[in-house]
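Visitor: Pasting the sequence and the predicted coordinates here, then a few questions.
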Amino acid sequence: MIVIGGGLAGLSAGVALAEAGWHVRLFEQRPFLGGRATSYVLPDGEHVDNCQHVTLGCCTNLEDFYRRVGAQDKIKYFDRLLFQDPQGHTGAMQAGLLPAPLHMMGSFLTFSPLTMADKKSIASALLDILRGKGHTADLDEPGGISMLEWLRRRKQTRGAIERFWRVVLVSALDEELDRTDARFGVDVFWKGFLSNRTGYRMGVPAVPLAELYDGCKAEIERRGGEVNLRMPVRAIHYRNGAVESVEFDGGRQESAEAYVFAVPHEALAELLPAEIKQQEPSLAHLENIQVSPITGVHFWFDREVMQEPFVTLLDTTTQWIFNKTALYAGRNGGGEKGQYLQLVISASYDLLQKPRQEIVDLCLAEVRQALPAAREAKLLKATVIKEAAATFSPQPGVDRWRPRQQTSVRGMFLAGDWTDTGWPATMEGAVRSGYLAAEAVLRVAGKPKTILQPDLQPDGLVGMFA
Ligand SMILES: Cc1cc2nc3c(=O)[nH]c(=O)nc-3n(C[C@H](O)[C@H](O)[C@H](O)COP(=O)(O)OP(=O)(O)OC[C@H]3O[C@@H](n4cnc5c(N)ncnc54)[C@H](O)[C@@H]3O)c2cc1C
């Protein structure tokens, strides 16, 4: 069995199939694993993530994958999400003693960046989601409706949209509200914040991302398989309705009974021969899946400027500040007294054309506004990492372009956050796609097995009535 692509989709498919007894040969074009969720070493020896990645309690398959590869202890979970606006108003989201869906009520009522009118409008929209158990009738309109339209129909105040819905959803879905299918937005609130008490808990890696995948290679090799780095697939050969082989540099060809293509959709579109697009119509329109950007800004200060592990900023270009020194427990960055912060800006279309120094100046001013201690501190160095195609864009109706993991081409299976998983482009979506691809391989081989993990079950009052 051949897996092409060593991101989370390929790794999760490879590990699951190796555990099911298959001889897995994984080929990754880069010199390291992890794809879009990875880290590397700068010339000065500093380990940096390509961008901060976080998971949520509702990401059950990613959690299962980390457990399978022995990485679960490298994720720290936090129950308290802190928000701050430029006027210094702060608010926290945290579960109290009440059962779901009332568990956040205490922190919501005291959340000072929102007015009473904002809160009333938010509460009525959340009630709508609850009544429909994560679904509302207008989500089924042909072609989907945008999240902004969904919010306008529910008469959300400007403050509610800008300081609540937009803040949560642009980070979770990497797209602006007017370009997001409301189905994804409603799902985030149902699975993460309403249906149970733990779905919102935020998991943050305590190590550079690449270290999370150490166990994958070991697991595949322990079961007789191999992980090959710096091995880009250059062509797919097709014959008589089946994949015949994949070709590497120098004309080397490898063949197998089954192939899982776990590369980004743009990369697959370039590799696909015309015959495959003709045979499998779901692969003929991959260019309709658009992408959206994320920018990460890394700052190293000469002293401590922040104590919290992370904070969400309201009304600024910078959306999140992560205190990497605290999260890594001092293992990386800034020397003993210094501090390493990582800032995240999702759907960062406006920054794509801006020069690096302009982005540094803008974000530094915002950090100094938010963190008074940073005003006196010296910025030792800064790095900006722009990921122009960070995720697929969850635009209204995008699901119709997302192919299933099993195709009509014999031996050809697909994985990747962009395939049909029901989830947006996330690490959870990528692992789901890998597990679904592995299930499809086993099903076609006549040895069906369930690998996909169930969603978190509704609990509290929601569990009683759902
Ligand atoms: C900046 C940024 C921030 C993000 N933040 C979050 C977050 O906080 N939480 C979250 O859940 N998700 C986040 N995501 C999304 C998440 O990283 C992705 O959804 C997930 O990693 C996608 O995994 P994948 O395996 O589907 O694809 P990829 O990670 O893209 O893996 C595909 C792999 O295929 C390889 N490949 C491509 N072509 C070939 C070829 N021809 N031959 C061999 N190999 C090939 C690539 O090198 C790559 O390793 C973020 C993404 C980015 C970019």
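Guide: Arrived safely.

Visitor: May I ask which helix or strand encompasses Lys277?
Guide: Lys277 belongs to helix 274-279 when assigned by DSSP states H and E.

Visitor: Now do the SS call for Val344.
Guide: strand (DSSP: H, G, I helix; E, B strand; the rest coil).

Visitor: helices or strands next to whichever helix or strand comes after the helix holding Lys277 in the packing?
Guide: Following helix 274-279 in sequence order, the next helix or strand is strand 291-301 (DSSP H and E). For strand 291-301, the packing partners by 3 or more CB pairs under 8 Å, 6 or more residues apart in numbering; DSSP states H and E come out as strand 339-346, helix 356-370, strand 379-392. Where you see a C-beta, it was placed from the backbone N, CA and C, and this is true even at glycine.

Visitor: Average pLDDT for the helix holding Lys277, rounded please.
Guide: Helix 274-279 comes out with an average pLDDT of 96.

Visitor: contacts for that helix?
Guide: 236, 238, 241, 283-284, 408-409, 412 (CB atoms under 8 Å, 6 or more residues apart in numbering).

Visitor: How about it, which residues are buried there?
Guide: 276, 279 (16 or more other CB atoms under 10 Å).

Visitor: what's the answer for stretch 101-110, then?
Guide: 101-104, 107-108.

Visitor: farthest-separated two in those residues?
Guide: Pairwise distances across the buried residues of stretch 101-110 peak at 13.4 Å for Pro101 and Ser107 (criterion: CB to CB).

Visitor: Could you pick out the residues of the stretch 51-200 of the chain near the ligand for me?
Guide: 51, 53-55 (CB under 6 Å from any ligand atom).

Visitor: The lengthiest helix in the chain - contacts with which helices or strands?
Guide: Across the chain, the longest stretch assigned as helix under DSSP state H is helix 427-444. With contacts taken as 3+ CB pairs under 8 Å, 6+ apart, helix 427-444 sits against helix 8-19, strand 55-56, helix 60-68, strand 259-261, strand 412-414.

Visitor: still on that earlier bit, kindly indicate which of the residues of the stretch 51-200 of the chain next to the ligand lies nearest the ligand.
Guide: Proximity of those to the ligand was ranked by CB to the nearest ligand atom; the top entry is Cys51 with 3.1 Å.

Visitor: residues from the stretch 351-466 of the chain in reach of the ligand?
Guide: Neighbours of the ligand within the stretch 351-466 of the chain, by CB under 6 Å from any ligand atom: 387, 390-391, 416-417, 425-430.

Visitor: Tabulate the helices and strands packed on helix 427-444 (JSON lines), appending distance to Ala382.
Guide: Formatted as JSON lines, those follow (distance: least, CB to CB, whole Å):
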{"stretch": "helix 8-19", "distance to Ala382": "28"}
{"stretch": "strand 55-56", "distance to Ala382": "27"}
{"stretch": "helix 60-68", "distance to Ala382": "30"}
{"stretch": "strand 259-261", "distance to Ala382": "37"}
{"stretch": "strand 412-414", "distance to Ala382": "39"}
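
Visitor: closest to the ligand among the buried residues of stretch 101-110?
Guide: For the buried residues of stretch 101-110, the residue nearest the ligand by CB to the nearest ligand atom is Met104; the value is 21.0 Å.

Visitor: Could you pull up the residues touching that closest one?
Guide: 93-96, 193, 200.

Visitor: Filter the residues you listed down to the buried ones.
Guide: Taking 16+ other CB under 10 Å as the criterion, what is buried in the contacts of Met104 is 93-95, 193, 200.

Visitor: what are the ranges of the strands in the stretch 151-300 of the chain?
Guide: 202-205, 226-228, 235-239, 242-247, 253-254, 259-261, 291-301 (DSSP state E, counting those that start in this stretch).
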